[in-house]
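Engineer: need a structure here:
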Amino acid sequence: MIVIVLLILTGYLSKYLNILKENDRVILNNIVVYMAMPSTIFLTIMKNVSPVDLPQFLKLPFLIFLTFIMCGIIGYIIGKLLKLNKQSLGGLILVCALGNTGFLGYPVIYGFYGTEGLTRAIFCDMGSVFASLLLGTYIGIKFGKNENSDTSIIKELLKFPPLMTGVISIILVFFGVSISNFPDFLVKTLNYLSNATIPLIMLSLGLSLSPSSAKFGAIYGIIASIVRMGIAPLLVFIFSSMFLINGLDKNVLILESAMPSAMMSLVFAVLYGLDVKLVASACFITTVLSLILLPIIHNLM
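Structural biologist: Numbering: from 1, shown residues only. A predicted model of the protein is given here:
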């Protein structure tokens, strides 16, 4: 966690020292999403998953998806009790429902559990991507100011390389294809790209953090933190028992479910005219608190 904090801090300080600009995170994100992360996903699945493992591993995205939907419902109930307006209610639902399972989940899980843990985190993140695009689009259309109902969820899923890489990799594993079937030069090239994933993710996250946003709605950040890092792992703990998931699978599932609010929530808030200040505040507060709470959750397990 100290390494992760230092990498995030490097990105954060580079912004204030004018080494990088906040807008540079878009470039870093594109490198991660279109090159580095797909390489990591492909190599990790092809090297560490066998056809026998698939039935157990495919439970992970399903349970993450189910948990995030449940957290969204809880966010809706809390927002109704607080009598939030339509745009703020939509924002609160998103920051309660969607967790940062990729951009923070990968480095944290890899740090705690190594490659075996990262393999399971990738499957968890696939469920998270489905939840993000389905919930984000639905909440945006229903609660936002902007009428952007032309957004196609299927189209967005197909445009997201990490998800499509994961699906293709699973299909290849199912048919018995292994990493040894690919040319050595290609594997080495993907290894170089893969090695850039975690550092670039952390730098991008550091550039995205804005402490000034916390003042716009600290209470909502605390509510989102309770749901994301309290209720979500508790739900997963119950679901794990129901679906006979134990050991490393269970530990990774619980930690991935407890990730802070996803930065994608902010993208949906801007796109659909939700309460951007509420969402930005919750993303910052949950991310900072997660650096303290995730090790505690890990130690409790």
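Engineer: And the pLDDT at Glu156?
Structural biologist: Per-residue confidence for Glu156 comes out at a pLDDT of 68.
Engineer: where does the protein dip in pLDDT?
Structural biologist: 146-154, 156, 213-216 (pLDDT under 70).
Engineer: Could you pull out the buried residues of the longest helix seen in it?
Structural biologist: When the chain is parsed with DSSP state H, its longest helix is helix 105-143. By neighbour count on 16 or more other CB atoms under 10 Å, the buried set for helix 105-143 is 105-113, 117-141, 143. Glycine gets a C-beta too; all of them are placed from N, C-alpha and C.
Engineer: Likewise for stretch 241-254?
Structural biologist: Buried residues in stretch 241-254 (16+ other CB under 10 Å): Phe243, Ile245, Asp249, Lys250, Asn251, Val252, Leu253, Ile254.
Engineer: Now do the contacts for Met37.
Structural biologist: Residues near Met37 by CB atoms under 8 Å, 6 or more residues apart in numbering: Gly102, Tyr106, Pro161, Pro162, Thr165, Thr197, Ile201.
Engineer: Now, those residues that are in helices?
Structural biologist: The helices, defined by DSSP H, take in Tyr106, Pro161, Pro162, Thr165, Thr197, Ile201 from those.
Engineer: Ile74: what's its closest spatial neighbour, skipping adjacent residues?
Structural biologist: Spatially, and ignoring its direct neighbours in sequence, Ile74 is nearest to Val227 (5.7 Å; CB to CB, 6 or more residues apart in numbering).
Engineer: those helices in the stretch 201-301 of the chain, which residues are they?
Structural biologist: For the stretch 201-301 of the chain, the helices defined by DSSP state H, counting those that start in this stretch occupy 218-226, 232-242, 247-257, 264-272, 276-300.
Engineer: Report all helices and strands that the last one contacts.
Structural biologist: Read that as helix 276-300. In terms of contacts (3 or more CB pairs under 8 Å, 6 or more residues apart in numbering; DSSP states H and E), helix 276-300 is packed against helix 2-16, helix 86-97, helix 218-226, helix 247-257, helix 264-272.
Engineer: How far away from the center of its chain is that helix?
Structural biologist: 13 Å (CA atoms, centre = their mean, to the nearest Å).
Engineer: now do the second one
Structural biologist: Its chain's C-alpha centre and that of helix 232-242 lie 18 Å apart, by CA atoms, centre = their mean.
Engineer: Run through the neighbouring helices and strands of that helix.
Structural biologist: helix 59-81, helix 247-257.
Engineer: got it, and the third one?
Structural biologist: Contacts of helix 247-257 with other secondary structure elements, assessed using 3+ CB pairs under 8 Å, 6+ apart, are made with helix 59-81, helix 105-143, helix 232-242, helix 276-300.
Engineer: Hey, what's the angle from the third one to helix 247-257? Just curious.
Structural biologist: Yep, that's helix 232-242 we're talking about. 150 degrees (axes from the mean of the first three to the mean of the last three CA atoms, to 10 degrees).
Engineer: Name the residues of helix 232-242 that are buried.
Structural biologist: Here helix 232-242 shows Ala232, Pro233, Leu235, Val236, Phe239, Ser240 as buried, counting by 16+ other CB under 10 Å.
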